[in-house]
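[1] below is the structure, and that's it, no one-letter string:
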């Protein structure tokens with residue numbers, strides 16, 4: 001039986017190419033996602049490991065803030081000398097670091113800024129933890145004085161600068177713009193990738209002047225251990241010499257703390273990519289089920305003969321599973337190779353969105369290879385199990401007949417089971433959207449998957465009216481050829497709808513995403529239209545804070561009546577992530593807050609609290625609330641008042657002075673500019689004021705709304721690109737089904753040709769069959785996508801997305817593309833059918 005299975009596989013290898021390709025594409029997506037995320041995690045771990053010493057000394061109570069901003073709290077420079085005599089220490093070095101330091105390239109564009117951090121550092125040749133070489137100058141020399149700077153190699157290359165060039169640098173500190181001569185190219189040992197981060201390096205006095213306002217202090221101090229002294233032993237010795245409010249942690253702990261938030265983002269990215277890999281695999285599984293079902297039907301007499309000469313039911317079924325195993329192994333092997341290439345493609349796609357990871361090395365991992373083979377084999381054998389099980393029902397006596405009909409389960413029973421499954425899936429999805437169950441995301445995803453499977457099972461009955469309508473339309477337009485194509489589609493509704501269902505899944509998700517994107521953009525437009533204040537908004541091109549100098553510059557422009565400053569910081573409140581808005585107390589009235597209770601006076605350590613948040617957490621005026629994840633740790637604030645929901649501020653509002661005292665940088669996030677109407681448009685004037693600061697943007701209401709829509713468009717585009725792989729597999733399924741169907745109908749085609757059907761008519765007939773499958777899948781997918789999208793947007797109404805928009809034009813494009821895909825999918829099968837020799841085809845059995 002094994003030999004028979006192997007010969008059968010070799011005899012039909014061409015017919016299985018499409019299935020192999022489908023498996024390979026799905027496996028490639030899984031492997032590519034794992035390879036990319038593993039390389040990214042490894043790169044960040046190495047980077048953070050190389051950027052800390054054996055022991056790191058820092059202010060007590062300081063913590064890594066949720067938005068990654070380093071604390072403005074410092075340790076005194078005199079502490080370096082005090083620690084130099086610590087037992088087990090070989091050297092002690094002070095460091096200054098800051099975020100929001102941008103290099104402006106020769107094309108006047110900023111390098112980095114989206115996703116990866118942009119660091120400003122003081123230079124030191126101190127080794128990193130465990131004796132690893134830290135930051136080193138690889139070309140040129142270290143910077144000396146305020147007019148010299150060193151850059152990492154990738155930043156210098158992207159900016160187009162060489163040693164000796166004059167480099168413009170933008171900071172978020174009190175000095176917004178400076179120019180320095182490039183004197184060194186820096187990097188970490190062992191070609192450690194910066195994972196898209198940029199390094200702008202100064203000498204210690206210059207870094208202190210730029211980032212600490214000239215204060216003789218450091219943000220951290222590294223203590224390097226003697227050989228044989230552990231980090232824990234050295235930390236314990238260092239702690240004995242520290243003054244109050246200063247602490248020490250091991251380099252490993254500091255690296256893990258710094259990397260934890262970044263690695264959470266990497267984990268989310270991996271999960272995000274694997275979801276689309278799962279979609280591709282499900283679509284591929286549909287293709288495999290259909291392929292094996294057709295092949296088993298074509299081999300039914302052969303299988304019956306095997307039963308007649310003594311093969312058992314189990315042996316016949318196992319022979320089909322052996323073929324599936326070989327197919328899965330081969331497809332997985334091809335997929336693993338393609339997966340490495342796909343990892344590079346993912347890196348390129350993310351680079352287009354602004355996060356350049358060109359220095360991150362990509363290579364196959366044991367986990368990726370194992371996952372690839374496991375995925376390919378399991379999916380293939382699971383998909384082939386039902387057709388294989390059906391072969392066991394073939395009776396030996398059927399080998400005596402000319403035609404062997406494969407046993408099929410009742411369509412009516414499938415319809416009932418499918419509708420029940422779809423109903424249960426809908427209930428689960430709605431509960432995940434509108435209820436508060438644990439793991440709501442999993443419940444939502446499982447519910448949607450159940451709906452898709454249920455519709456697939458019920459489709460042979462659900463789609464009969466659509467197939468009948470297609471037959472009537474074809475007969476009306478294309479007459480006899482159209483009638484034949486329609487009858488062929490209706491002949492085996494299971495096969496037609498199974499092929500269409502693969503396309504349905506991809507288009508259902510694409511349509512859902514289109515509705516979410518359109519609704520999100522419409523909600524953004526409505527929110528901005530209803531709440532925009534002032535004449536212009538000044539912000540950052542990268543969503544990062546900018547220098548307070550900008551506000552002073554704009555305030556001096558003739559025609560500007562007021563510049564309202566706004567800052568925000570990500571914090572924790574009641575154990576959950578939240579946001580703290582900082583304002584100048586005298587400018588609070590400009591936001592038009594609708595006070596529900598208390599006073600808008602922000603004096604001392606007080607906050608205003610969103611009324612909804614206050615009601616949910618039983619807060620009232622005079623109560624205290626503890627806000628965590630501040631650079632200084634946690635602080636308690638007194639509730640001065642509550643205000644109604646507004647998109648202009650977040651859950652908590654306090655004074656800019658309170659933000660500064662909590663350790664946040666002295667930088668603004670937004671400026672709202674009010675102008676005198678008599679002054680006319682000041683757009684060009686304001687832009688000229690900040691022309692030397694390319695990270696700063698000036699926008700009116702329409703431009704600001706367009707900028708908020710842009711990330712939504714990018715997300716939808718990225719999702720559509722990732723779903724494109726599943727759609728490609730679905731189209732391959734149509735090609736495969738048509739090709740196998742033509743082999744199955746060889747004698748029928750020969751007879752049609754013999755009674756006068758021309759080659760062109762035959763090509764048209766096959767094309768029409770392909771179009772009806774593609775269009776059927778598109779109609780089902782768009783219909784389900786509308787249901788999913790509208791339901792999701794209803795669930796998100798409380799999140800500010802209160803406008804539901806259905807992009808009918810885009811959905812119409814999906815339907816039109818389905819027709820095009822159907823025509824293209826039929827090209828090769830129709831050509832093969834037209835080339836069949838009439839006499840040979842008639843003689844076929």
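    Arrived safely, thanks for sending. Treat the numbers as computed from the prediction; the structure is a model and nothing was measured. Numbers count the residues shown, from 1 in each chain.
[2] run through who's touching the helix or strand harbouring residue 151.
    Under the criterion of DSSP states H and E, residue 151 resides in strand 148-152. With contact meaning Cβ atoms under 8 Å, 6 or more residues apart in numbering, strand 148-152 is reached by 103, 123, 137, 140, 142-143, 159, 161, 167, 169, 180-187, 194, 197-203. All C-beta spots, glycine's among them, are computed from the backbone N, C-alpha and C.
[3] after that strand, next one along is what?
    helix 153-159.
[4] chain center to that next one: distance?
    When distances are taken as Cα atoms, centre = their mean, to the nearest Å, helix 153-159 is centred 26 Å away from the chain's centroid.
[5] pLDDT below threshold where in the protein?
    1-18, 61-72, 113-115, 129-133, 189-192, 297-299, 301, 351-361, 392-410, 845 (pLDDT under 70).
[6] give me the longest helix you can find in it.
    helix 251-298 (DSSP state H).
[7] so how far is that one from its chain's centroid?
    The chain centroid and the centroid of helix 251-298 are separated by 12 Å under Cα atoms, centre = their mean.
[8] please apply the same query to stretch 229-240.
    Offset of stretch 229-240 from its chain centre (Cα atoms, centre = their mean): 41 Å.
[9] check contacts around residue 770.
    By Cβ under 8 Å, 6+ apart, the neighbours of residue 770 are 734, 738, 822-823, 825-826, 829-830.
[10] in PyMOL, how would I select the buried members of these?
    To isolate the buried members of those in PyMOL, using 16 or more other Cβ atoms under 10 Å:
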select buried, resi 734+738+822+825+826+829+830
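[11] contacting residues for residue 138?
    Residue 138 makes contact with 153, 185-187, according to Cβ under 8 Å, 6+ apart.
[12] please pick the buried ones from those.
    Among these, those classed as buried by 16+ other Cβ under 10 Å are 185-187.
[13] would you format those as JSON lines with distance to residue 49 and secondary structure included?
    Shown next, in JSON lines, are the buried ones among the contacts of residue 138 (distance: Cβ to Cβ, whole Å; DSSP: H, G, I helix; E, B strand; the rest coil):
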{"residue": "185", "distance to residue 49": "22", "secondary structure": "strand"}
{"residue": "186", "distance to residue 49": "17", "secondary structure": "strand"}
{"residue": "187", "distance to residue 49": "15", "secondary structure": "strand"}
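[14] sheet partners, orientation included, of the longest strand seen in the chain?
    Counting by DSSP state E, the longest strand found in the chain is strand 560-573. Sheet pairing of strand 560-573 (DSSP bridges) gives strand 576-583 (antiparallel), strand 624-630 (antiparallel), strand 670-675 (antiparallel).
[15] circling back to that earlier point, filter the contacts of strand 148-152 to the buried ones?
    Taking 16+ other Cβ under 10 Å as the criterion, what is buried in the contacts of strand 148-152 is 103, 123, 137, 140, 142-143, 159, 161, 167, 169, 180, 182-187, 194, 197-203.
[16] burial count for residue 828?
    Using other Cβ atoms under 10 Å, residue 828 is surrounded by 13 other residues.
[17] and what of residue 104?
    20.
[18] quick check: bridge partners of it?
    residue 110.
[19] check contacts around the closest residue to residue 100 other than its chain neighbours.
    Distances taken as Cβ to Cβ, 6 or more residues apart in numbering place residue 172 nearest to residue 100, at 3.4 Å, with adjacent residues excluded. Contact analysis of residue 172 by Cβ under 8 Å, 6+ apart lists 98-101, 544-547, 665, 667.
[20] among those residues, who's most crowded?
    Counting by other Cβ under 10 Å, top hit in the contacts of residue 172: residue 546 with 29 neighbours.
[21] which among the buried ones among the contacts of residue 138 gets closest to residue 343?
    residue 187 (23.3 Å; Cβ to Cβ).
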